[in-house]
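*Asks:* Got a predicted structure plus its sequence, pasted below:
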Amino acid sequence: MSFQQVKFYQTGTLTVGNRLLDEALRTVQATMDRSNSLDSGHRACQGCGEALGARYALDAAMRATNNQLIATNATGCLEVFTTPYPESAWRLPWMHSLFGNAPAVATGIAAAMRVKGREDVRVVAQGGDGGTTDIGFGCLSGMFERNDDVLYICYDNQAYMNTGVQRSSATPGAARTATTQPLGEEPGADFDKGKSLPLIAMAHDIPYVATASVDRLHDLEAKVEKAMSLHGARYIQVFVPCPLGWGSKPSDTIKVARLAVESGLWPLFEAEHGEVVSVTEIRRQVPISDYLKLQRRFAHVLRNEGQLARIQAIADANIRRFGLIKGREV
Amino acid sequence: MKAKPFAITLDVGSSLLNKTGSWRTERPVYLDRIPPCNNACPAGENIQHWLYLAEEGRYEDAWRQIMEDNPFPAVMGRVCYMPCEKACNRGQLDESVGINSVERFLGDQALMYQWKVEPAPDTGKKVMIVGSGPGGLSAAYHLRRFGHQVTIFEADAKPGGLIRYGIPKYRMPREKLNGEIRRIEEMGVEIRCNTRIDDILEARDQGGFDALVLALGAPSPRSATIPQEGEEVVVLNALDVLREVELEEPTAMRGHVVVQGGGNTAMDVARSAVRLGCPAVTVLVRRDRSDMTAHPMEIHEAIEEGIEIKPLRVIQKIDGKTLTLEKNLIGADSRPMATGELEIMEADVVVQAMGQVVEEELLSQLPGLEIREGVVMIDRHMMSGAVGVFCLGDMIPSARTVTVAIGQGKKTARNVDAWLAGTDYEAAPKHEVAGFEMLNTWYYTDAPRTVRPMLDLMRRQSGFAEVVGNLNEENAKFEARRCLSCGNCFECDNCYGICPDNAITKLGPGKRFEFKYDYCKGCGMCAAECPCGAIRMEPEEI
């Protein structure tokens, strides 16, 4: 991973830019000529993590490909809030077909570019967690299995937000959604359901799999850049808080993402050909309650010792499994 | 009209047509808050800004920024009691920024490279200043920068006042002081030493001066007459002792020296006595330890040097070599009260360092000038009751430190300048202070391992002034970079980067940013993630 050496005491590389850093070491987002692939005027809610994650990822991909980029999009919030007919917030060739077929459409575009001899044009497919882990899963698995030359980016906000916050297979245990109400013995979503798509993607033995978060811009951009330097099927899952669906304050979007990472609930790692090759360590570990208490979807958990312990156990397991804190690997 | 595809009725458009700014109920605004260091500086330095310049290695620019407010960075970097570092927000994070050590580095760089300050074009006005202590010199420097002709009258042989005759060399090397005074003289300020003024108004009228500034200090010692039998114990006055030390004249200090007083002057005398080889030094303080006016750092270093501090003691009488001390008690109103309990101590010398008052005789000639409790009363424009007579420094009610006097010099100069132009000086209103709770400290990283030991080493060095060398170019830069830039944008690009609506324009290096209120939805992420608290959310008027 192209982590830059922290050179300055003042802000290091945690801010978006840093006037004391070399121009080349600053993020794409810090540049005045970033492509703004997703422009102003889109209809996402205040403080939308997904809108931010999409611009972060696509701007980085645009720079990595010298702006020779085509994007496809699964149905979902991202598609709906960016393209209410006849307006578009996209500033790159962008195509939407169905909820479940974004990976297949991307495969087709990549094949067409190959036939036309346009090796310089690269393809990105994107979708929310619902379109990725549930509805588009078959097409995505096929794209992985064929090792098609597409980067698939999943913006994970842990439920079907566009249709009114229904549970997806990426919804975490105990979370309240429209279909997992906080009622009964085990309020909220079940703990023993759902799946980790990054680990499933790794099982396909594809060249590159990574997780990222909107609060870690340098890390996210480095991963997109790395992915675009490779060919074949690649997968990045970006953690994007949803103020509406999670019941968090719009101004807390970055903070919520940061606490997910710092608590260990959202491990940041990179894998090549099915093997984890690097992890982003936790900087200042926090208890999971710090993360949960900012979100109304977990309000009932704070009064439920059993669920709290269970979520903390998940975080602790991540820390051990991925070695998120030096010296605490298995 | 171009034919549209089947079933398409509208032309394609950009989302920019959709002005999402109309959703907003709160709007972010950029603002500048005053950092706690600047707020605390008695000399009114824009500390944060010169640290900002020093961060980039622009040392001359940084020095010039200090010189806007304070003509004595090399002096200040040694004798200032650093209220800035006490206020520094970084102190709540790890350790406060070593502002004083960077200031000293910049001051010494200026002396080494002989950087100069140019005065403004001549205004034709003449100002007379009496007294060349830090206040008088600071006033002279600022008035000269405004373009006025300035003449300082000094009774002593050398300029500098109590910086020279009150602060021992181990704290203030003379070549640095002389260098900074020389720089003021080179701007065209005339300093007439060995010139005691006995009739102030006559001197003003004879010299054809348009304004008069008095910076006479408080030279008359406040003393308590102690009943004494025999002459075995010598009773001295602190200022006389310090003057003798400065002039390298033999002093009467020998054997067991007892210093009376709890202020910085008492510490200076006691520490000088140690340096002169006196085997035992005791400081008697009327009040409690915690109520001593001396700077904690001075007290700490004095104790380190083997000086004994006895609080709540007053000398009752001296009989031969024996002092009789009465113990005090802290009363209900937190003032010391006599208990009647006595104790005995042997001594050779008693030095009284119990404060000073103005020379009333000289000032009594000035009509309208009012002296209350040993100091001259002034109005908010630094003018005394005598029209056109401005006063500053130890002769007016003040904290009596070099830094305060330098700040008053600037304030006086501004008021004199306005008065000469027939107007009143009004200071710009202060911004609100950037408190620690306004910062998002997540974004400030710890030092990389390679830097930390260097900083620690440097801090140890700067703690023992003059014993060890200065900061060097590299660690001065690193220390400056520890500044959090509280309350003022340092262009980290966070707001520009994290706006999900791309509703911020980056205006380019040094020009900061601008909100696109047409598109800003008012989510408040920029304000929440601004590291330094330079964005505030304000309710939208609907």
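*Replies:* Noted; the coordinates are in hand.
*Asks:* C-alpha from now on. contacts and neighbour counts both.
*Replies:* Will do.
*Asks:* what separates residue B:109 from chain A, distance-wise?
*Replies:* 22 Å (CA to the nearest CA, to the nearest Å).
*Asks:* For that residue, pull up the helix or strand it's in.
*Replies:* Using DSSP states H and E, residue B:109 sits within helix B:99-113.
*Asks:* and residue 281, what does it touch?
*Replies:* Just so you know, I chose chain A. A:268, A:323, A:324, A:325, A:326 (CA atoms under 8 Å, 6 or more residues apart in numbering or on different chains).
*Asks:* try again with chain B
*Replies:* B:256, B:257, B:258, B:259, B:270, B:273, B:274, B:306, B:307, B:308.
*Asks:* follow-up on the earlier one: looking at neighbours, which among the contacts of residue A:281 is most surrounded?
*Replies:* residue A:324 (27 neighbours; other CA atoms under 10 Å in any protein chain shown).
*Asks:* Would you mind identifying the helix or strand in chain B with the lowest mean pLDDT?
*Replies:* Of all helical and strand segments in chain B, the minimum by mean pLDDT, DSSP states H and E falls on helix B:452-463, at a mean of 38.
*Asks:* Next, see if the helix or strand following it gets close to chain A.
*Replies:* Later in the chain than helix B:452-463, the nearest helix or strand by DSSP H and E is helix B:473-481. Yes. Counting by CA under 8 Å from any CA of the partner chain, contacts between helix B:473-481 and chain A involve B:478, B:481.
*Asks:* for the closest residue to chain B within the stretch 101-250 of chain A, what are its contacts?
*Replies:* The nearest approach of the stretch 101-250 of chain A to chain B comes at residue A:250, 5.3 Å away (CA to the nearest CA). Residues near residue A:250 by CA under 8 Å, 6+ apart: A:46, A:47, A:48, A:243, B:523, B:524, B:525.
*Asks:* okay, it: pLDDT?
*Replies:* The model reports residue A:250 with a pLDDT of 97.
*Asks:* now it: how far from residue B:487?
*Replies:* 23 Å (CA to CA, to the nearest Å).
*Asks:* about what we covered before: now the residue of the stretch 101-250 of chain A closest to chain B: closest residue in space that isn't a chain neighbour?
*Replies:* residue A:47 (4.3 Å; CA to CA, 6 or more residues apart in numbering or on different chains).
*Asks:* isn't the one you found right next to residue B:523, touching?
*Replies:* Yes. Residue A:47 lies in contact with residue B:523 (CA atoms under 8 Å); the separation is 5.1 Å.
*Asks:* so what sits against both of those two?
*Replies:* A:250, A:251.
*Asks:* Give me the longest helix you can find in chain A.
*Replies:* In chain A, with assignment by DSSP state H, the single longest helix is helix A:305-322.
*Asks:* got a list of contacts for that helix?
*Replies:* A:173-174, A:263-267, A:269, A:279, A:287-289, A:301-302, A:324-325, A:328-330.
*Asks:* picking that back up, mind checking the SS state of the residue nearest to residue A:250?
*Replies:* Here residue A:47 is coil, with the state taken from DSSP: H, G, I helix; E, B strand; the rest coil.
*Asks:* Just give me the neighbour total for it.
*Replies:* Neighbours around residue A:47, by other CA under 10 Å: 29.
*Asks:* can you pull the contacts of it?
*Replies:* Taking CA under 8 Å, 6+ apart, one finds A:242, A:243, A:250, A:251, A:252, A:253, B:500, B:523, B:524, B:525 in contact with residue A:47.
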